[in-house]
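1. need coordinates for the below:
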Amino acid sequence: MKKKSFFRSFNAKTALFAVMVSGALLTGCYKDDGLDVEGPTGETTLPAATYTLNGTVIDGKTGEAIDGATITVTPSTAFTAKSNSFTATVAPGDVTISVTKDGYKPVSKIVTINAIAAGQSAVYSQIISMVSTTVPPVSKVAKYDVSAIAFSEDNVSVAATAKLYDVTGATEVAMQNVVAGAYKLVVTPADQNKYDVYTSIVTLDEVVVPADFEGNLKKVFVAYLTEKVAPVENVTYSYHFTDLSGNLFNVQSASLTVDGEVVATMAGYHTIKYTLPKADAEGHEFAVVYTYLDEAGVERYGRAAFAPGKTTGTANIDTSATSSPSTEVGVGEDGKLVAGSTVTDGGTIIVDNNIIATIDGTPIAEPISIQRKVAEELEDETALRVYEGTPAGTVFSEPIKIAFKDIYGTELGDLTLMYKEGDNWVEDTKGGSVTTGTSTYTMNVKHFSTFKADAKMTTVEAPSTTDVDTKTIEVNKKNDADDKITVKVKMQAVIGTEFETSIVDAVKKAGFTNTMAIQKIAEIVESRLLALGLSNTGITEYEQTQDFELAGRTAFVSYDRARTYKLESFTFTVNGKNVVINTKTAVKTELTNPILTYYGHGHTHGGDNLSGGGIIDAE
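-> The predicted model follows:
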């Protein structure tokens with residue numbers, strides 16, 4: 001008597017359909033209807049287990065059955081193939097299904113057959129999905145739905161409306177179904193009395209997506225609105241130069257000073273002007289220092305202060321050679337030329353007999369002159385005074401002396417006497433010096449060319465270090481395709497340099513208290529840092545895109561956004577006090593430590609699919 005399979009109680013086609021759809025392994029056992037098979041000891045002997053492998057071949061894109069495929073199953077003891085399906089009798093172990101078809105990529109799949117007990121049967125069903133090679137993947141360029149949100153500079157949300165225009169701003173563009181390209185974004189705050197309108201040129205990248213991609217990409221722009229600044233009331237100081245007849249007169253040079261510091265210069269003109277906020281002008285002394293040539297060609301100096309509350313002034317200049325002499329006046333203070341000789345108009349010195357002036361060893365009897373180079377002082381942060389002595393090459397048996405007021409409260413310490421050689425400045429080696437008094441600096445000059453009194457500052461740079469700031473960014477996107485794709489990963493990168501403290505605060509922290517000294521030292525430090533390419537611009541964020549290759553059937557779980565910074569420390573020493581500036585410079589931002597998971601076939605597709613490429617904007 002034969003055993004009956006449980007399957008015989010079902011419709012055969014229904015059972016096969018259930019197997020193919022579920023892809024499950026089915027096993028059956030047999031009923032004992034009076035078995036008449038007995039073993040030697042009277043025990044019942046069950047028939048050997050049976051194993052069946054069947055399957056259907058379909059198009060992986062359409063899901064339709066593919067006719068005419070060549071199918072092999074190895075090893076197998078019995079095999080039946082139809083136009084798009086097959087059935088094979090197999091044994092426990094690894095069984096290979098191979099399918100080929102013109103116009104499709106060949107498929108080879110291994111199925112592991114697990115052993116079962118005697119008297120049972122197992123059915124393994126497989127759906128073989130094939131990918132066409134003759135039809136290229138159909139794709140399209142995605143469109144965008146664009147929106148914008150507005151914030152104040154301190155990150156407070158601001159009510160505003162956004163509009164999109166072509167790059168010229170002439171034609172408005174709808175913010176839905178926007179094609180890739182460049183546009184002008186205009187964000188108008190609801191309170192236009194408080195905030196300025198934001199305008200920016202924005203770019204929508206061209207992104208290729210599968211043809212069946214539904215909807216549009218979403219792009220949200222962030223606009224930071226600046227608060228309107230109340231109008232500033234300005235005041236203009238102007239000074240005019242005329243001759244004794246009242247005609248405008250072009251002086252050689254003029255400098256306008258505020259509390260002794262030069263704020264504006266001009267040369268070869270009859271008027272000097274300077275504009276500043278009215279509030280900043282209150283409580284300060286404004287003056288003009290100027291040079292001109294008299295009828296004999298002798299350079300003369302003059303100084304005039306603005307009367308309190310006055311913003312204009314006029315100097316009536318007497319250019320006759322017999323006019324009253326004027327003395328050289330320092331910028332904002334009463335300076336003078338001092339020597340063991342006679343000081344004449346305009347700083348021209350007639351050498352007395354007690355000081356011998358020579359050129360190449362030969363005594364000279366012609367007058368010598370010294371001209372202050374105010375323009376060069378303004379361009380040279382370390383220079384307190386710059387002079388040109390003529391004739392060049394003159395050597396003195398004893399130093400001539402040029403004294404000027406120390407407006408820095410002695411905090412700059414000793415100065416260095418330096419001479420210009422070509423485009424460079426070198427320290428004097430011929431016996432000259434700058435001596436420091438309680439309130440005066442004195443330049444002891446032994447020879448002539450262009451020379452200066454220079455502030456002493458040494459710079460020490462410590463070895464730089466690197467700091468890396470990482471943040472884990474969750475992605476949770478996947479590539480459902482078999483082939484690798486390239487996606488663009490957007491991340492917030494950083495750029496710029498920030499100082500730990502402002503330069504002025506660092507100077508004050510070093511122990512300097514005189515306002516003029518603090519300003520002068522800060523200017524020198526800033527100049528030296530700029531020469532090293534460092535400026536306190538601050539570190540700001542911007543959007544950076546990095547290409548990333550994602551293998552087929554792989555989920556992109558997360559990555560680390562790594563920001564690398566260069567840390568530097570500089571020590572500037574002036575008069576024994578150390579000004580320390582610590583800097584932090586953004587070097588690079590990159591994608592590191594990607595976490596990937598291979599998941600293979602059998603997972604459902606969803607909105608997180610990246611097949612065909614795309615943009616990852618996870619931050």
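2. could you tell me how many residues sit around Val579?
-> By other C-beta atoms under 10 Å, 23 other residues sit near Val579. Where you see a C-beta, it was placed from the backbone N, CA and C, and this is true even at glycine.
3. report pLDDT for it.
-> According to the prediction, Val579 has pLDDT 97.
4. who's it bridged to?
-> With DSSP bridges as the criterion, Val579 is bridged to Phe572.
5. wait, isn't it in contact with Ile521?
-> Yes: taking contacts as C-beta atoms under 8 Å, Val579 lies within contact range of Ile521: 6.6 Å.
6. list residues touching both of these two?
-> By C-beta atoms under 8 Å, 6 or more residues apart in numbering, Val579 and Ile521 have these common neighbours: 507, 572.
7. packing partners of the helix ranked longest in the chain?
-> Ranked by number of residues, the top helix in the chain under DSSP state H is helix 515-531. Here helix 515-531 touches strand 450-455, helix 503-509, strand 554-574, strand 577-598, going by 3 or more C-beta pairs under 8 Å, 6 or more residues apart in numbering; DSSP states H and E.
8. and the last one with helix 515-531, angle?
-> Going back to what we said before, that points to strand 577-598. 40 degrees (axes from the mean of the first three to the mean of the last three C-alpha atoms, to 10 degrees).
9. can you pull the buried residues of strand 577-598?
-> Residues of strand 577-598 classed as buried: 579-581, 583, 585-586, 589-591 (neighbour count, 16 or more other C-beta atoms under 10 Å).
10. what is it packed up against?
-> Applying 3+ C-beta pairs under 8 Å, 6+ apart, one finds that strand 577-598 contacts strand 465-479, strand 485-499, helix 503-509, helix 515-531, strand 538-550, strand 554-574.
11. same thing with the shortest one?
-> Packed against strand 450-455 by the contact rule (3+ C-beta pairs under 8 Å, 6+ apart) you find helix 374-379, strand 383-390, strand 415-421, strand 440-447, helix 515-531.
12. try 10 Å this time
-> In terms of contacts (3 or more C-beta pairs under 10 Å, 6 or more residues apart in numbering; DSSP states H and E), strand 450-455 is packed against helix 374-379, strand 383-390, strand 395-405, strand 415-421, strand 424-427, strand 433-436, strand 440-447, helix 515-531.
13. nearest to Glu295, out of the ones you listed?
-> Of all those, strand 383-390 sits nearest to Glu295, with 20.2 Å by C-beta to C-beta.
14. in that closest one, what counts as buried?
-> Buried-residue list, strand 383-390, by 16+ other C-beta under 10 Å: 383-390.
15. quick one: the residue nearest the centre of the chain and Ile485, what's the gap?
-> Against the mean C-alpha coordinate of the chain, by C-alpha atoms, centre = their mean, the closest residue is Ile495 at 2.1 Å. Remark: distance between Ile495 and Ile485 (C-beta to C-beta, to the nearest Å) = 29 Å.
16. and if you look at Pro594?
-> 14 Å.
17. before we move on, what about Thr265?
-> Applying C-beta to C-beta to Thr265 and Ile485 gives a distance of 63 Å.
18. likewise Ile127?
-> 25 Å.
19. cool, Phe86 as well?
-> Taking C-beta to C-beta, one finds Phe86 at 33 Å from Ile485.
20. just to revisit the earlier point, export the buried residues of strand 383-390 as CSV, with columns for distance to Thr515 and pLDDT.
-> Listed next are the buried residues of strand 383-390 as CSV, based on distance: C-beta to C-beta, whole Å; pLDDT from 0 to 100:
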residue, distance to Thr515, pLDDT
Ala383, 19, 92
Leu384, 16, 90
Arg385, 20, 90
Val386, 23, 90
Tyr387, 26, 89
Glu388, 30, 89
Gly389, 32, 87
Thr390, 36, 85
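21. would a markdown table of those residues with distance to Arg553 be doable?
-> Converted to a markdown table, the buried residues of strand 383-390 look like this (distance: C-beta to C-beta, whole Å):
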| residue | distance to Arg553 |
| --- | --- |
| Ala383 | 70 |
| Leu384 | 73 |
| Arg385 | 77 |
| Val386 | 74 |
| Tyr387 | 80 |
| Glu388 | 79 |
| Gly389 | 83 |
| Thr390 | 85 |
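22. would you point out the most distant pair within those residues?
-> Farthest pair in those, by C-beta to C-beta: Leu384 and Thr390, 21.2 Å.
23. which among the buried residues of strand 383-390 gets closest to Tyr408?
-> Distances from Tyr408 to the buried residues of strand 383-390, taken by C-beta to C-beta, are shortest for Leu384, at 8.2 Å.
24. need the contact list for that closest one.
-> 330-331, 377, 404, 406-408, 412, 415, 434, 441, 443, 452-455, 520 (C-beta atoms under 10 Å, 6 or more residues apart in numbering).
25. how about Val95?
-> With C-beta under 10 Å, 6+ apart, Val95 has these contacts: 51, 53, 73-76, 88, 109-113, 124, 126.
26. repeat for Glu285
-> Contacts of Glu285 by C-beta under 10 Å, 6+ apart are 257-260, 305-306, 308, 332.
27. one more pass at 7 Å, please.
-> Under the criterion of C-beta atoms under 7 Å, 6 or more residues apart in numbering, the contact list for Glu285 reads 259, 305.
28. report the separation between it and Asp166.
-> 55 Å.
29. may I see the buried residues of stretch 206-225?
-> Neighbour-count burial for stretch 206-225 flags 207, 209-210, 213, 217, 219, 221, 223, 225 (criterion: 16+ other C-beta under 10 Å).
30. cool, stretch 265-279 as well?
-> 265-266, 270, 272, 274, 276.
31. just flag the most distant two among those residues.
-> The span of the buried residues of stretch 265-279, defined through C-beta to C-beta, is set by His270 and Leu276 at 21.7 Å.
32. any idea how far stretch 443-452 is from the chain center?
-> Using C-alpha atoms, centre = their mean, to the nearest Å, the mean C-alpha position of stretch 443-452 is found 46 Å from that of the whole chain.
33. stretch 114-128 now?
-> For stretch 114-128, the distance to the chain centre is 63 Å (C-alpha atoms, centre = their mean).
34. run a quick neighbour tally on Thr133.
-> Neighbours around Thr133, by other C-beta under 10 Å: 12.
35. and stretch 158-177, which residues are buried?
-> Neighbour-count burial for stretch 158-177, counted by 16+ other C-beta under 10 Å, picks out 158, 160, 162, 164, 173, 175.
36. farthest-separated two in those?
-> Val158 and Val173 (23.0 Å).
37. local confidence estimate at Gly181?
-> Looking at Gly181, the pLDDT reads 90.
38. re earlier: what's the ChimeraX syntax to select whichever of the contacts of Leu384 are buried?
-> In ChimeraX, this line selects whichever of these come out buried by 16+ other C-beta under 10 Å:
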select :330,331,377,404,406,407,408,412,415,434,441,443,452,453,454,455,520
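39. not counting sequence-adjacent ones, nearest residue to Asp67?
-> Nearest residue to Asp67, sequence neighbours excluded (C-beta to C-beta, 6 or more residues apart in numbering): Ser83, at 4.2 Å.
40. how about Lys520?
-> Nearest one to Lys520, counting by C-beta to C-beta, 6+ apart, is Tyr408 at 6.3 Å.
41. repeat for Asp145
-> Asn216 (4.6 Å).
42. list of residues touching stretch 214-232?
-> For stretch 214-232, the surrounding residues in contact (C-beta under 7 Å, 6+ apart) are 142-153, 158, 177, 185, 187, 189, 194-196, 198, 202, 204, 207, 277.
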